[in-house]
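[1] Sequence and predicted structure, then a few things I'm wondering about:
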Amino acid sequence: MARVRVVTDSTADMDEGAAERLGIEVVPLNVHWNGKTYRDQVDITIDEFYRLLREEKGTPRTSQPSAGQFEQLYRRVLDEGADGIVSIHISGKLSGTLNAARMAGAQVAPDRIVAVDSRILAYPHGVLAMRTAELAVGGASLRECVEYAERLVPRLRLYAAADTLEFLRRGGRLTRAQAFAGTLLSIKPIIQLVEGEIIPAERVRTKATAIKRMAELLLGLGPLEEAAVLYADDPRPAEQLNEIISSARPGLTIKRGRTGPVIGAHNGPGLYGAYALLAE
């Protein structure tokens with residue numbers, strides 16, 4: 001077992017099996033829907049969630065874990081013999097999860113628990129957790145792991161687009177009039193994460209153009225260490241992104257990731273995107 005353990009939350013869409021392989025502890029966020037509460041990817045799988053999202057009525061809501069959940073987990077991990085904990089979470093500007101983790105760390109062992117703001121979400125958030133855990137498994141100290149994670153954060157980039165504007169409207173990010181006008185004009189907004197906030201990158205008219213332009217934006221970032229194409233329940237846009245990016249950058253490692261229920265609750269089915277890690 002590593003001297004330093006990594007804790008993250010369920011919005012970190014990691015590679016399958018990575019949490020078990022690297023000893024990463026995952027605290028689930030919650031999805032509330034039609035009178036039921038599901039722990040993200042514990043009580044409901046990604047595939048089950050998106051099937052229900054297309055078939056069921058109602059709008060799912062999400063909530064963060066409590067500070068008490070983090071306290072309980074931190075105490076258990078330290079009791080198991082860990083020297084320290086790096087707790088890596090979804091952007092603090094998008095969720096109160098990071099604040100709950102910091103409150104718990106201050107209660108349990110402030111000198112042995114450090115919470116890191118990923119300033120991002122979804123797969124790149126997972127990359128940050130996985131890479132930090134790999135360093136920890138290699139024997140790095142708490143300070144080394146924290147410094148590594150904090151150096152990695154500014155190199156993460158994420159672009160995404162959704163098939164429908166309806167879920168952005170339901171979540172309050174678009175008015176009914178904006179969503180109607182956007183749908184009428186077939187507008188496909190491409191969004192990006194900048195300093196932990198979701199901001200528009202560009203607006204295009206068709207899905208095909210959105211996919212092409214997203215790839216161009218990613219490739220325009222400069223030298224890349226790795227990339228990934230992402231999707232919710234329809235892999236076809238991700239496959240098209242992969243084809244464009246791999247053709248332009250032969251030899252670049254391009255992974256594939258899914259976006260889970262919490263992200264899907266706010267953006268709907270048909271979400272797709274691309275991540276890049278800038279080269280040092």
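    Now that the structure is in, tell me what you want to look at. Residues are numbered from 1 along each chain as shown.
[2] can you give me the strands for the stretch 151-280 of the chain?
    In the stretch 151-280 of the chain, the segments counted as strands under DSSP state E, counting those that start in this stretch are 156-161, 188-194, 197-204, 224-231, 254-258, 272-278.
[3] so of the ones you listed, which one's packed in deepest?
    Ranked by mean neighbour count under mean count of other Cβ atoms under 10 Å, the strands of the stretch 151-280 of the chain are led by strand 272-278, which reaches a mean of 25. The way it works is simple: take the backbone N, C-alpha and C, and place the C-beta from them, glycine included.
[4] now for that one, which elements pack on it?
    Counting contacts by 3 or more Cβ pairs under 8 Å, 6 or more residues apart in numbering; DSSP states H and E, strand 272-278 is packed against helix 122-137, strand 156-161, helix 207-219, strand 224-231, helix 236-248.
[5] In JSON lines: the ones you listed, plus distance to R102 and mean pLDDT.
    Below are those laid out as JSON lines (distance: least, Cβ to Cβ, whole Å; pLDDT from 0 to 100):
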{"stretch": "helix 122-137", "distance to R102": "17", "mean pLDDT": "98"}
{"stretch": "strand 156-161", "distance to R102": "20", "mean pLDDT": "96"}
{"stretch": "helix 207-219", "distance to R102": "32", "mean pLDDT": "96"}
{"stretch": "strand 224-231", "distance to R102": "28", "mean pLDDT": "98"}
{"stretch": "helix 236-248", "distance to R102": "34", "mean pLDDT": "98"}
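[6] just so I know, which of those lies nearest M14?
    helix 122-137 (3.7 Å; Cβ to Cβ).
[7] which of the residues in that closest one are buried?
    When burial is assessed from 16 or more other Cβ atoms under 10 Å, helix 122-137 yields the following buried residues: 122-137.
[8] hang on, the earlier thing: which stretch among the helices and strands packed on strand 272-278 comes nearest W33?
    Comparing the helices and strands packed on strand 272-278 by Cβ to Cβ, helix 122-137 comes nearest, at 19.9 Å.
[9] Got the domain ranges for this structure?
    Annotated domains of the chain cover 4-153, 156-278 [automatic domain parsing].
[10] ok, of those domains, where does mean pLDDT dip lowest?
    Note on the domains of the chain: lowest mean pLDDT is at domain 156-278, with a mean of 85.
[11] mind checking the end-to-end distance for that one?
    Domain 156-278 has its terminal residues 7 Å apart, counting by Cα to Cα, to the nearest Å.
[12] related to what we said a few turns ago, would a markdown table of the helices and strands packed on strand 272-278 with distance to G260 be doable?
    Converted to a markdown table, the helices and strands packed on strand 272-278 look like this (distance: least, Cβ to Cβ, whole Å):
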| stretch | distance to G260 |
| --- | --- |
| helix 122-137 | 8 |
| strand 156-161 | 13 |
| helix 207-219 | 20 |
| strand 224-231 | 11 |
| helix 236-248 | 15 |
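[13] looking at these, which is closest to E147?
    helix 122-137 (9.9 Å).
[14] Next, the angle from that closest one to strand 188-194.
    30 degrees (axes from the mean of the first three to the mean of the last three Cα atoms, to 10 degrees).
[15] helices or strands next to helix 122-137 in the packing?
    Applying 3+ Cβ pairs under 8 Å, 6+ apart, one finds that helix 122-137 contacts strand 4-9, helix 18-22, strand 84-89, helix 142-152, strand 156-161, strand 224-231, strand 254-258, strand 272-278.
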